[in-house]
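Trainee: Predicted model follows, preceded by the sequence.
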Amino acid sequence: GAVVSQHPSRVICKSGTSVKIECRSLDFQATTMFWYRQFPKQSLMLMATSNEGSKATYEQGVEKDKFLINHASLTLSTLTVTSAHPEDSSFYICSLPRPSTDTQYFGPGTRLTVL
Amino acid sequence: DAKTTQPTSMDCAEGRAANLPCNHSTISGNEYVYWYRQIHSQGPQYIIHGLKNNETNEMASLIITEDRKSSTLILPHATLRDTAVYYCIVVPTGANSKLTFGKGITLSVRP
């Protein structure tokens, strides 16, 4: 069964609005989660590392004030795309490490379309 | 930047073995070779990983050359559901290592 869930699976919003995407660990606690985005016909690009109880670590070129990450519990991380614009339209995917391994479980992804 | 290079695409017939190559000539001694795949519009799925020995699980086999500069993922009996993008990724040991995805190889399994 699924280890990681994401909600919503797809969302369409108007330009200028904010969208929150949830990533939940269903089977175990995760102190670290990762957020990726994937543009059409491109590979996954790591956006940030979400750390439970502390600030997220963002990759170079990713605006932390635009992509707000909250990891308030050991089973939930949220990514909020603030003031979304059409160029933010993408496939957003979270992942979390399997305990005591370097293997990662990925969520099913969230398709964001900004009109 | 990804430390691996893979062909852009390949295809194989259903029921036949699919051999997916990957070059990682700059791999370090403490780095593993991981394979993930991504079926269209889904999140990636872990397949297999190895350090220097060949590995096999219920999904696939991984053959790593003795000098560890390249590897091959083998799907012994490809099915239509194996059509996906396959990513070969070099990962340093240590918990919670970040993954750097390259472009992967698109495998198309034909009936």
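Mentor: Nice, thanks for sending it over.
Trainee: drop to CA atoms for contacts and neighbour counts, all remaining ones
Mentor: Fine.
Trainee: Chain A versus B:Ala17, what's the distance?
Mentor: Computed as Cα to the nearest Cα, to the nearest Å, the B:Ala17 to chain A distance reads 25 Å.
Trainee: I'd like to know how many residues surround the residue in chain B that chain A sits nearest to.
Mentor: Nearest residue of chain B to chain A: B:Gly43, at 4.5 Å (Cα to the nearest Cα). Around B:Gly43 there are 23 other residues, counting by other Cα atoms under 10 Å in any protein chain shown.
Trainee: For it, give me the backbone phi and psi.
Mentor: phi -70, psi 160 (degrees, to the nearest 10).
Trainee: residues in contact with the closest residue to it other than its chain neighbours?
Mentor: Nearest residue to B:Gly43, sequence neighbours excluded (Cα to Cα, 6 or more residues apart in numbering or on different chains): A:Pro108, at 4.5 Å. Going by Cα atoms under 8 Å, 6 or more residues apart in numbering or on different chains, A:Pro108 touches A:4-6, A:9, A:93, B:42-43.
Trainee: any idea of the pLDDT on A:Pro108?
Mentor: For A:Pro108, the model assigns a pLDDT of 97.
Trainee: Write out the residues of chain B neighbouring chain A.
Mentor: Proximity of chain B to chain A, by Cα under 8 Å from any Cα of the partner chain, involves residues B:41-46, B:91, B:93-104.
Trainee: Would you write a ChimeraX line that selects the buried entries of the residues you listed?
Mentor: Burial among the residues of chain B next to chain A is assessed by 16 or more other Cα atoms under 10 Å in any protein chain shown; the matching ChimeraX selection reads:
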select /B:42,43,44,45,46,91,96,98,99,100,101,102,103,104
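Trainee: How about the residues of chain A by chain B?
Mentor: Chain A comes close to chain B at residues A:32, A:34, A:42-46, A:93, A:97, A:100-109, as judged by Cα under 8 Å from any Cα.
Trainee: Kindly recompute the last result at 10 Å.
Mentor: For chain A, the residues in contact with chain B (Cα under 10 Å from any Cα of the partner chain) are A:4, A:31-34, A:36, A:40-46, A:48-49, A:91-111.
Trainee: hang on, the earlier thing: for the residue nearest to B:Gly43, which three-state class applies?
Mentor: Assigned by DSSP: H, G, I helix; E, B strand; the rest coil, the conformation of A:Pro108 is coil.
Trainee: Keeping just the C-alphas, turn stretch B:67-80 into PDB.
Mentor: C-alpha atoms of stretch B:67-80 as PDB (Å, rounded to 0.1, in the frame of the first residue of the first chain):
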ATOM      1  CA  ASP B  67      35.600  -0.900 -11.800                       C
ATOM      2  CA  ARG B  68      32.100   0.500 -10.800                       C
ATOM      3  CA  LYS B  69      32.200   2.900 -13.700                       C
ATOM      4  CA  SER B  70      29.000   1.600 -15.300                       C
ATOM      5  CA  SER B  71      26.000  -0.600 -14.500                       C
ATOM      6  CA  THR B  72      23.100  -2.200 -16.200                       C
ATOM      7  CA  LEU B  73      19.600  -2.600 -14.900                       C
ATOM      8  CA  ILE B  74      17.900  -5.700 -16.100                       C
ATOM      9  CA  LEU B  75      14.200  -6.200 -16.200                       C
ATOM     10  CA  PRO B  76      14.000 -10.000 -17.000                       C
ATOM     11  CA  HIS B  77      10.600 -10.100 -18.600                       C
ATOM     12  CA  ALA B  78       9.400  -6.700 -19.500                       C
ATOM     13  CA  THR B  79       5.700  -6.000 -19.500                       C
ATOM     14  CA  LEU B  80       3.700  -3.000 -20.900                       C
END
